[in-house]
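Asker: How does the following fold in three dimensions:
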Amino acid sequence: MKKQVLILGLGRLGISLATTLFNMGHDVMAVDDDEKRVQAISSQITHAVLADATDEAVLKELSVSSFDVAVVTMGLSVQSSVLTTILLKKLGVPYVIARAENELHGSILEKIGADKVVYPEREMGTLLAHGVTLSDIDDYIPVAPNYGVSKLKALPSFVGKTLSGLELGRKGKWGLAVLLVKRGKEVIITPNMEEKVEAEDILILSGSDDNLEQFLDEAKKSQ
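Answerer: Predicted coordinates for the structure are as follows:
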């Protein structure tokens, strides 16, 4: 479903977020007080506005309450981040996501009404750490300590075998749930355990990091 998204702050995170959301088909307005940043992104998103996001009059003029989601990415300036978040909630933005640099900053954002607080550097560190220990994984989302959702391309030793034959699933040896299989443009959600893996399949697995690592180690040994 197409959303109206407001991005406040055009640092590296803001630029990446704005362009990605636009490329996903959403309407994106980005606001920053740096003219060069605004000009650089103006042709890549729906609207880019040169303005001070901490000015209530400016936010009213931009009709921020009409947006589905606002993301405050100016984490390095705590004062600007906090003030902008307060104003967005005051003006009726239904869902505000705010970037925090540390726990104290995040605690303040939560108390003033941010619907979700994110810690990009910490989260990137977590992803990188799993990329080091689970080198065959293309992507990883932590769910709990030592437990997450992983994306991996089918190894050659998987091809032609059923998911149950690979000892996947709740009753399998590895205790790794198969959430879905992506096969070209087709997505198979909660696949049958008798589904055979094909070359180029992408598997989305959920389970403990230790079990996933042992599963991959054994799979590579059989190649």
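Asker: for the protein, which spans come out with low pLDDT?
Answerer: Applying pLDDT under 70 to the chain picks out residues 75, 124-136, 222-223.
Asker: okay, now the domains of it?
Answerer: Listed domain ranges for the chain are 4-120, 129-221 (source: automatic domain parsing).
Asker: Helices of this protein, start to end?
Answerer: Applying DSSP state H to the chain gives helices spanning 12-23, 35-41, 56-61, 78-90, 103-111, 120-133, 209-221.
Asker: helices and strands around the shortest one, which ones?
Answerer: Counting by 3 or more C-beta pairs under 8 Å, 6 or more residues apart in numbering; DSSP states H and E, the packing neighbours recorded for helix 56-61 are helix 78-90. Quick note: C-beta positions are derived from backbone N, CA and C, even for glycine.
Asker: What are the buried residues along the helix it packs on?
Answerer: 78, 80-89 (16 or more other C-beta atoms under 10 Å).
Asker: Look up the residues forming beta bridges with the residue nearest the centre of the chain.
Answerer: Nearest residue to the geometric centre of the chain (C-alpha atoms, centre = their mean): residue 141, 8.5 Å. Beta-bridge pairing of residue 141 under DSSP bridges involves residue 149.
Asker: Would you agree it is in contact with residue 149?
Answerer: Yes - using C-beta atoms under 8 Å, residue 141 makes contact with residue 149 at a distance of 4.5 Å.
Asker: if I look at residue 19, how far off is residue 147?
Answerer: Per C-beta to C-beta, to the nearest Å, residue 19 is found 32 Å from residue 147.
Asker: Hmm, I typed the wrong one, I wanted residue 212.
Answerer: On the measure of C-beta to C-beta, residue 212 and residue 147 end up 10 Å apart.
Asker: Between the two, tell me which one has more neighbours.
Answerer: Taking neighbours as other C-beta atoms under 10 Å, residue 212 and residue 147 compare with residue 212 leading, 25 against 14.
Asker: Without its sequence neighbours, what residue ends up closest to residue 187?
Answerer: Closest residue to residue 187 apart from its sequence neighbours, by C-beta to C-beta, 6 or more residues apart in numbering: residue 180 at 5.9 Å.
Asker: Number of residues surrounding that neighbour?
Answerer: By other C-beta under 10 Å, neighbour count at residue 180 equals 15.
Asker: Tell me which residues touch residue 68, please.
Answerer: 3-5, 94-95 (C-beta atoms under 8 Å, 6 or more residues apart in numbering).
Asker: let's see it at 6 Å
Answerer: Residue 68 makes contact with 3-4 under the criterion C-beta atoms under 6 Å, 6 or more residues apart in numbering.
Asker: Can you give me the distance of it to residue 214?
Answerer: Using C-beta to C-beta, residue 68 is found at 42 Å from residue 214.
Asker: One more: residue 204?
Answerer: 19 Å.
Asker: Ok, residue 81 next?
Answerer: 42 Å.
Asker: cool, residue 31 as well?
Answerer: Per C-beta to C-beta, residue 31 is found 48 Å from residue 214.
Asker: Quick check: closest non-adjacent residue to residue 14.
Answerer: residue 73 (3.9 Å).
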